[in-house]
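Student: Build me a structure from this.
(one chain, ligands or ions: 1)
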Amino acid sequence: MRLSDYVNTFGQDLLRRHGERVHKIAINAGMTCPNRDGSKGRGGCSFCNNASFNPSARRHPPVAEQIEAGRRVIRRRTGARRYLAYFQAYTNTYADVTYLSRLYGEALAEPDVIGLSVGTRPDCVPEQVLELLAGYRAAGYEVWLELGLQSAFDATLERVNRGHGFEEYRRAVEAARRHGLPVCTHLIVGLPGEGREAALASLERVLELGVEGLKLHPLHVVKGTRLANEWRAGGYQPMDLQTYTGIAADMIERTPESVCYHRVTGTASLDILLAPGWCNWKWRVLNGIAAELERRGSRQGSALAPLQALAGVC
Ligand code: SF4
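Tutor: Model prediction:
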């Protein structure tokens with residue numbers, strides 16, 4: 001039983017389109033975040049680890065060095081010989097476009113790097129950056145814009161101090177579409193005040209706007225966050241594993257087959273993870289979702305009408 005028997009995973013999608021395994025190499029480019037420095041907000045999202053914003057955490061090796069380190073590990077583990085540079089940490093479009101062009105260019109200069117995946121906030125995608133990314137795509141690179149939406153509900157976004165609403169997300173998706181850039185949207189399951197119905201409603205709003213990729217993540221409580229204080233005071237209760245796998249399966253069943261799931265769970269490093277402990281058992285979570293879909297006799301898109309199930313462009 002493999003997750004990819006039930007879900008259109010990004011790994012399988014890359015394999016189909018490129019004829020060989022392609023793996024992401026995560027890059028920390030030492031960026032910061034406008035939700036911390038005051039330009040969009042202060043204090044950051046309530047679930048985001050403060051320690052990761054101290055200056056030493058932002059020191060980073062050169063991009064080529066990070067790619068070499070990732071390449072060595074991935075080759076040994078999987079045999080993959082082509083890679084996507086994944087600018088993951090913080091807000092990777094939040095800098096001068098000349099600087100970003102140098103940064104992304106360093107990654108693309110590696111002969112086995114066939115593209116980029118750039119993680120950012122929906123309120124931080126200026127036209128110039130989209131033009132830059134679209135230029136790479138026009139040159140034949142695989143390029144993804146990863147937008148952290150987390151929830152489609154403004155009240156929840158406000159409660160966790162995201163510093164943007166759904167409207168900014170809508171504008172970012174439309175702008176990306178004008179530039180021909182595929183979007184992978186990040187959603188968090190189990191945000192304060194949210195359960196299954198909210199997760200499904202967020203998914204529906206994202207699919208209505210159109211999206212090529214999705215990432216799901218259970219909300220976890222990590223040290224150094226306001227959420228950790230809420231959790232200690234009993235004001236936030238994380239989901240149990242069974243509830244999460246059930247909701248993830250519900251979401252997958254309601255997603256057209258052509259939308260790629262880049263991820264269906266996520267974790268934090270053990271030294272900062274407070275709860276829930278199961279977040280750290282990645283394979284148990286993935287197997288739990290696959291087992292749930294198998295138990296239901298369903299798969300991605302099976303809760304949709306036949307035409308909806310096939311909709312999408314990925
Ligand atoms: S989660 Fe992202 S947007 Fe929120 S404070 Fe952290 S880096 Fe910034």
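
Student: residue contacts, the closest residue to the ligand within the stretch 201-314 of the chain?
Tutor: Closest contact between the stretch 201-314 of the chain and the ligand, by CB to the nearest ligand atom, is at residue 225 (9.4 Å). Glycine gets a C-beta too; all of them are placed from N, C-alpha and C. Neighbouring residues of residue 225 by CB atoms under 8 Å, 6 or more residues apart in numbering: 46, 47, 48, 49, 50.

Student: ok, the residues you listed vs the ligand, which is closest?
Tutor: Distances from the ligand to the contacts of residue 225, taken by CB to the nearest ligand atom, are shortest for residue 48, at 3.1 Å.

Student: So the closest one: helix, strand or coil?
Tutor: Residue 48 falls in the coil class when you classify it by DSSP: H, G, I helix; E, B strand; the rest coil.

Student: burial of it, as a residue count?
Tutor: When neighbours are defined as other CB atoms under 10 Å, residue 48 has 21 of them.

Student: ok, now how distant is the closest residue to it other than its chain neighbours from residue 256?
Tutor: Once flanking residues are discounted, residue 48 sits nearest to residue 225: 6.3 Å by CB to CB, 6 or more residues apart in numbering. Relative to residue 256, residue 225 is positioned 34 Å away (CB to CB, to the nearest Å).

Student: buried sites along the host helix or strand of residue 69?
Tutor: According to DSSP states H and E, residue 69 maps onto helix 63-78. Residues of helix 63-78 classed as buried by neighbour count (16 or more other CB atoms under 10 Å): 63, 66, 67, 70, 71, 74.

Student: Give me the mean pLDDT for whatever helix or strand comes next after that helix.
Tutor: Using DSSP H and E, the next helix or strand after helix 63-78 towards the C-terminus is strand 82-87. Mean pLDDT, strand 82-87: 98.

Student: now do stretch 205-219
Tutor: Mean predicted confidence for stretch 205-219 is 98.

Student: close to the ligand, is it?
Tutor: No. Counting by CB under 6 Å from any ligand atom, the ligand is not contacted by stretch 205-219; separation bottoms out at 10.9 Å.

Student: End to end on that stretch, go ahead and measure it.
Tutor: 20 Å (CA to CA, to the nearest Å).

Student: Which parts of the stretch 51-200 of the chain are strands?
Tutor: 82-87, 113-120, 142-150, 183-189 (DSSP state E, counting those that start in this stretch).
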